[in-house]
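Visitor: what's the 3D shape of this:
(2 chains)
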Amino acid sequence: MGHLYTTREQYAPEQLEEMKRKYTPPELVCCAGSRETIDREVVFVGIGVSDLAGALAKLVHTPNVILVAEAGYIGFPSLAVLISPADNSAGAMAMCHQSLPEMFIDQQSGFVDVAYLGFAQMDKYGNVNVSYITGPQVKMNGSGGGGDTASSAGRVVYTVEFNPRQWVKKVDYMTEPGFFDGSYDARKKANLVGGGPCAVITNRGVFRFAPETHELYLAEVFPWQDEKDIEEVRKSFPWDLKVAEELKIMEPPTERELWALKLMDSTSQYIVANVMDRPIGKIILAGKFDLEGYDEFLGLTEKAISEILEFVS
Amino acid sequence: MKTIVKGLKTTNYEERSKDTDHKKKLNKVMTEKEAVETFLHDGDSFCIGGFVMWRQSESVFREIARQGKKNLSIIDESGTWEGIDLLVELGMLDRIDTAYAITRQVGGISGTPALERGLKEGLPRPVEAGGVLATPRDKVRSDVPPLKIVDWTNFQVSLRFVAGAFNVPFMPCRSSFGTDIPKYNKDIREITDPYENKPLILVPAYKPDVAFISVQRADRRGNGQIWGFKGTDYWKARAAKHVILLAEELVPVEKIYENPGLTVIPAYCTDAVVHLPFNCHPTGCFGCYTVDGINFIALLLQRQSRDGALKWLDEWVFGCKNHLEYCDKLGWEKLDRLAKSEHKLNRIPD
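Guide: Numbering: from 1, shown residues only, chains lettered A, B, ... in the order given. Below you'll find the model as predicted:
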């Protein structure tokens, strides 16, 4: 799968303004993230946005990738967004059902080409914190399988909604290894199996790591991101962020990508940030704890899955 | 002539037979209440099967809460936390070894409200998390020991069970070199591999006192068959001292022989079998019923405050004598609806 690139000149200023408003951050992240795979690769998906990007890759761009989820599901068609790596939609029509340690053993053996993960904090060299954010508001989460995946997957694509606070000089807690101090053989010296992070996909551009120095730089932007916007992005970093000499312009989300995204996330688990604004929140607020509420909620997923089933079969 | 071999201990057959008594029975069926009473004691460590939101024995947490166990510890890769948080709310846990706590994953509401309260207010117990976070000192009472949380990765936790099942003291892996996980968790050791002189991470074996494992199908002898992902379940069943299967379906022994390939937990691992449909609720069970999202979000919302959580406990745990009463209260028609939804995707063959 090639990346989808375009030029700014293709669009009239009004068009750019309209596009800027049209897409939500999760839509931009998932669609841009889905363009990172090569066909026939083995793709490890996380949950939420990190799953949606991989799932879109399978549905839209690279149909022969093998999706794997850490609970033990391999080679599934991706019928709905994963809330958990153990979801029934990963088990349905899968090639293989195995165990969790086997999944990580396979990864440590080098079978996983690319993995999608999320993060809370990242430094200049791609070291990641998903465990503890200290400070006024206490946040805890933990490695899950992220620490293992960042250690052993062939390459890691981080998908995350842009937030100025996520870029730090030093992470509060290093859960997942990036390139440590950036030195060219740091990962090899540490005896890590995987190649480390290769891209950070956000709604305000795609960042990559320089080959020699392993320093994060801005590589690609969306057409509506002008000089001013890029400068604003740069200012969010606590270091002097470099920008690629030949900055590429990404094509905005395609119709096909958006269609697949809507079907995958039929109950807006990830497209809508706050749970009370999602269909499930509305059902709860309306006090529909009876069979009618269950019919309404489960019906949403069932309908979307049957549409995807029709498409994949 | 008598030869003395130093350090050689004779096997204490009497002690050993006590341990394997239950495992040798031909009928291991009992109720959930009996199983928890018989095998889980104050101060014990335990684990449950499954993985986040799926095939997790949530009913067991409610039964443990009803029986008022104390000083328990749990080890879990990435759990749903619905049940763990319940025991945190009741102050029943001394230590949690885990890879993941979903405090900020559930769309603006906390996935582990009791744990967060413990961290902020020291109620019901103060919390020490991973050597990084702790309840503020002024909120810590000296008579209440803290709940300790220790960080691992998923692979490392699962390898601890693998080592336990192998009956070796540790397993090596190549995860989390140079990160803060081994820095703060002193149970993880980094050594130089004696063969290739390269760094290697070791995790210690873990043999919990009890493993509760939900399975789709089991027989009275304790053969457990699992459909869908296997998690770390068959390693847990071999590592634990006592294994309790919670079966969606209890089948005749002959039925097990039809699909021997699915018997991932053979009878000799198992101490007790509990026939308990919908025991994973509100999580799902592959091929049987899907996750009850409405119930899950609604109970999280209610449990965001301590008052709400205690009210929830009164209503759904202490107000129900057992899991079947919990199902009665919830409404079987809703459970059937969850089953119908799952059957559109996956089904356990007859």
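Visitor: which stretches of the chain have low pLDDT?
Guide: You didn't pick a chain, so chain A it is. In the predicted model of chain A, residues A:1-2, A:135-138 satisfy pLDDT under 70.
Visitor: Correction: the question concerned chain B.
Guide: Using pLDDT under 70 as the threshold, the predicted model of chain B has low-confidence ranges B:1-20, B:103-106.
Visitor: Just the closest residue of it to chain A, please.
Guide: When you check chain B against chain A by C-beta to the nearest C-beta, the closest residue turns out to be residue B:107, at 3.2 Å. Quick note: C-beta positions are derived from backbone N, CA and C, even for glycine.
Visitor: in the chain, which spans are helices?
Guide: Unless you meant another one, I'm taking chain A. Ranges of helices in chain A, per DSSP state H, are A:13-22, A:25-33, A:49-56, A:88-91, A:100-108, A:146-152, A:186-189, A:227-235, A:255-264, A:279-285, A:291-312.
Visitor: Oops, wrong one, chain B.
Guide: Counting by DSSP H, one finds helices in chain B at the ranges B:13-20, B:32-39, B:58-67, B:82-89, B:113-121, B:154-166, B:180-184, B:233-239, B:253-258, B:293-302, B:306-313, B:323-330, B:332-343.
Visitor: how about those helices in JSON lines, adding distance to residue B:102 and mean neighbour count?
Guide: Below are the helices of chain B laid out as JSON lines (distance: least, C-beta to C-beta, whole Å; neighbours: other C-beta atoms under 10 Å in any protein chain shown):
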{"stretch": "helix B:13-20", "distance to residue B:102": "36", "mean neighbour count": "9"}
{"stretch": "helix B:32-39", "distance to residue B:102": "25", "mean neighbour count": "19"}
{"stretch": "helix B:58-67", "distance to residue B:102": "15", "mean neighbour count": "22"}
{"stretch": "helix B:82-89", "distance to residue B:102": "10", "mean neighbour count": "24"}
{"stretch": "helix B:113-121", "distance to residue B:102": "10", "mean neighbour count": "22"}
{"stretch": "helix B:154-166", "distance to residue B:102": "14", "mean neighbour count": "26"}
{"stretch": "helix B:180-184", "distance to residue B:102": "18", "mean neighbour count": "21"}
{"stretch": "helix B:233-239", "distance to residue B:102": "21", "mean neighbour count": "25"}
{"stretch": "helix B:253-258", "distance to residue B:102": "36", "mean neighbour count": "13"}
{"stretch": "helix B:293-302", "distance to residue B:102": "10", "mean neighbour count": "20"}
{"stretch": "helix B:306-313", "distance to residue B:102": "16", "mean neighbour count": "16"}
{"stretch": "helix B:323-330", "distance to residue B:102": "23", "mean neighbour count": "16"}
{"stretch": "helix B:332-343", "distance to residue B:102": "21", "mean neighbour count": "17"}
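Visitor: near chain A, which residues of the stretch 251-350 of chain B?
Guide: Within the stretch 251-350 of chain B, the positions near chain A by C-beta under 8 Å from any C-beta of the partner chain are B:284, B:286, B:290-291, B:293-294, B:297-298, B:301, B:331, B:333-334, B:337-338, B:341-342, B:344-346.
Visitor: Look up which residues are beta-bridged to residue B:289.
Guide: Going by DSSP bridges, residue B:289 is paired in beta bridges with residue B:285.
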